[in-house]
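Chemist: compute the structure for the input listed below.
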Amino acid sequence: MGFTTADYLVMQARLSRAAESFGAPQKARDDGTLESDLQAQILAALDGLGADCWYVWHRTDKRTTCKRGTPDIVGAYKGRAFAVEVKRPGKGPTPVQAGELMLAKKAGAVVGVATSVKEAMAIVMG
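Modeler: Numbers count the residues shown, from 1 in each chain. Presented below is the predicted three-dimensional model:
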């Protein structure tokens, strides 16, 4: 199957999303990087999976209409749902976030907390 109009639109949306600012200053990770930088790296890795991967990312620096505790990245890869909560090393999800991850897992999604791109991709790919 060739490159379709839908593939083009997905590519444009992802390029647009990648150009967005990640907003307000955040605390640096133990290695000096920001959690928003890690999120950007994970999103770029997901974009690299092409049309087999669909996701939404929830900004953490602005008010949102998402349910409280919604994981940072929710999507599907090759027909399997996933939910990833991004955290700095040594940090864990809040009780509300842990509860939402549990509900997503109970509903059949692959879930996890990622402190690196490698961990996030392992969650996504199962």
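
Chemist: tell me the first helix or strand C-terminal of the helix or strand harbouring residue 85.
Modeler: Assigned by DSSP states H and E, residue 85 falls within strand 80-86. Remark: after strand 80-86, the chain's next helix or strand is helix 95-106, criterion DSSP H and E.

Chemist: show me how far the helix or strand following that next one is from its chain's centre.
Modeler: Where DSSP H and E defines the elements, the next helix or strand beyond helix 95-106 is strand 110-114. Here the centre of strand 110-114 is set off from its chain's centre by 10 Å, with C-alpha atoms, centre = their mean, to the nearest Å.

Chemist: show me what strand 110-114 packs onto, helices and strands only.
Modeler: strand 80-86, helix 95-106, helix 117-125 (3 or more C-beta pairs under 8 Å, 6 or more residues apart in numbering; DSSP states H and E). For every residue, glycine as well, the C-beta is placed using N, CA and C.

Chemist: which strands or helices does the strand holding residue 85 pack on?
Modeler: Against strand 80-86 (3+ C-beta pairs under 8 Å, 6+ apart) you get helix 35-47, strand 73-77, helix 95-106, strand 110-114, helix 117-125.

Chemist: how about those, which one is nearest residue 55?
Modeler: Residue 55 sits nearest to strand 73-77 of all the helices and strands packed on strand 80-86, at 2.8 Å, using C-beta to C-beta.

Chemist: can you give me the angle the closest one makes with helix 95-106?
Modeler: Orientation of strand 73-77 against helix 95-106 (axes from the mean of the first three to the mean of the last three C-alpha atoms, to 10 degrees) gives an angle of 10 degrees.
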